[in-house]
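Visitor: Please work out how this folds:
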Amino acid sequence: MATRRRGVTLQAVADRAGVSLKTASNAVNGTGRMSPETRERVMAVVEETGYKVNIAARNLMRGRTGAVTLAVPTLRAPYLAELAEEVVEAARAHDLVVYVTTFPDDGLRGMRDYLDQFNPNLSDGLLLSLPEQEQFAPADLEVDFPLVCLGARRTFGRTDRVSADDVVDARTAAEYLFERGVGSLAVVGARTEFAPAAIAVAVEGNAESRLRGVLEAATAAGIRLDPRLIGITGYDWTIGTGFRAAQDIIDSGVPFDGMMCLNDGLAIGAVAALRERGLRVPEDVQVVGFDNIEESAFLAPPLTTMDSRISWVARTALARLISRIDQVPQEPAHLLAQPTLIARGTTR
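Guide: As a prediction, this is how the structure comes out:
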């Protein structure tokens, strides 16, 4: 292992490798034109001496801060907390620092105010997890700094968006339940009262898109979704809300043998409610969740869930943001994760 020598400078590296200071700088920073042998010689000296690149100086020379920002509505949601961890991890491979912050998703101006206040002198670009409640227009996403959005809201072709395909994912999950004999399906996680005509044409929103996928699968299977079996949770997708919504569904008296929960937190609560009422999972009721958060694998029984590909979303969004920072010419795109169902113990 190379031993770091105190006070090693780039000039010392250049002298030892027998090249100019500029050539050494280009070799270390992966820029400039030189023979492979020259670059290898410089990098061998770097390894031998333990020279460390002055990241701050390099970024200053490039007109960069060396940092990007991830803004999310909350870090209390397990999915968003895991997303933040994945973005930070992915950024390390690019020698980038990630500032993680939140803005209020209260249906007012949380996201728009944050975009207005964003300072590109402190961060080279922004990864923005779009809010579920706030209404915004295309012009709100027309900013003068690199921006990549994440989540289930439309970006109107104004900026890149990276997300799971909620409609396809939910359709895949519901089909999985129907293939395993489910004949009456309950759903936990609707924002408002179930309106099939509106849900059938939904184009954005986690709950609306996922419910649309469930509806499409049920229609194809010839199964009617009973409104009494649609658990309304508003925007509160937590374990306690899932527990209470599942209780209400059970109390309706309408028989069901499958339950689709629109995130894993809701599913964890729903499974607890089913057990409290003496219903066995998966013998009496099969349950599927969404997002494949870490806790889902450690329930008893482990939760069958749709994997929202958090790691892929983080890496893809960061790579797209870096290309925007580097001013790579490309049209705004919607990049979709491929659906993956993780079959575990809550289904047969």
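
Visitor: Now do the strands in the stretch 151-300 of the chain.
Guide: All strands of the stretch 151-300 of the chain, identified by DSSP state E, counting those that start in this stretch, fall at 160-164, 185-190, 230-232, 258-261, 286-291.

Visitor: Give the other helices and strands that the first one contacts.
Guide: Using 3 or more C-beta pairs under 8 Å, 6 or more residues apart in numbering; DSSP states H and E as the contact criterion, the secondary-structure elements in contact with strand 160-164 are strand 147-150, helix 310-325, strand 334-337. Where C-beta positions appear, they are placed from N, C-alpha and C, glycine not excepted.

Visitor: For the closest residue to Arg158 other than its chain neighbours, the count of nearby residues, please.
Guide: Nearest non-adjacent residue to Arg158, counting by C-beta to C-beta, 6 or more residues apart in numbering: Leu141, 4.2 Å away. Other residues near Leu141 number 23, with proximity taken as other C-beta atoms under 10 Å.

Visitor: Which residues are in contact with Leu141?
Guide: Contact analysis of Leu141 by C-beta atoms under 8 Å, 6 or more residues apart in numbering lists 115, 147, 149, 155-156, 158-159.

Visitor: now those residues in a markdown table, with pLDDT and distance to Leu303?
Guide: Shown next, in a markdown table, are those (pLDDT from 0 to 100; distance: C-beta to C-beta, whole Å):
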| residue | pLDDT | distance to Leu303 |
| --- | --- | --- |
| Leu115 | 96 | 36 |
| Leu147 | 97 | 34 |
| Cys149 | 98 | 28 |
| Thr155 | 96 | 31 |
| Phe156 | 95 | 35 |
| Arg158 | 95 | 36 |
| Thr159 | 96 | 34 |
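
Visitor: which two in the residues you listed are spaced the farthest apart?
Guide: Leu115 and Phe156 (14.4 Å; C-beta to C-beta).

Visitor: Ala221: which of the strands of the stretch 151-300 of the chain is closest?
Guide: Among those, strand 185-190 sits nearest to Ala221 (C-beta to C-beta), with 9.2 Å.

Visitor: Can you give the contact residues for the closest one?
Guide: 174, 177-178, 207, 210-211, 214, 218, 223, 225, 229-233, 237, 242, 245-246, 249, 256, 258-263, 266-267, 270.

Visitor: could you pull out the helices for the stretch 1-150 of the chain?
Guide: 10-17, 21-29, 36-49, 55-62, 78-92, 110-117 (DSSP state H, counting those that start in this stretch).

Visitor: buried residues in the last one?
Guide: Put plainly, it is helix 110-117. 110-112, 114-115 (16 or more other C-beta atoms under 10 Å).

Visitor: The second one now?
Guide: Of the residues in helix 21-29, those scored as buried under the neighbour-count criterion (16+ other C-beta under 10 Å) are 23-28.

Visitor: for the first one, same thing?
Guide: Within helix 10-17, the residues scored as buried using 16+ other C-beta under 10 Å are 10, 13-14, 16-17.

Visitor: circling back: buried only: go through the contacts of Leu141 for me.
Guide: Buried among the contacts of Leu141 (16+ other C-beta under 10 Å): 115, 147, 149, 155, 158-159.

Visitor: ok, of the helices of the stretch 1-150 of the chain, where does mean pLDDT dip lowest?
Guide: Note on the helices of the stretch 1-150 of the chain: helix 55-62 shows the lowest mean pLDDT, a mean of 54.

Visitor: can I see the domain layout of this protein?
Guide: Residue ranges for the domains of the chain, per automatic domain parsing: 10-53, 67-164+310-337, 166-309.

Visitor: returning to that earlier point: emit the PyMOL select command for whichever of the contacts of strand 185-190 are buried.
Guide: Selecting only the buried entries of the contacts of strand 185-190 in PyMOL, with 16+ other C-beta under 10 Å as the criterion:
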select buried, resi 174+177+178+207+210+211+214+218+223+225+229+230+231+232+233+237+242+245+246+249+256+258+259+260+261+262+263+266+267+270
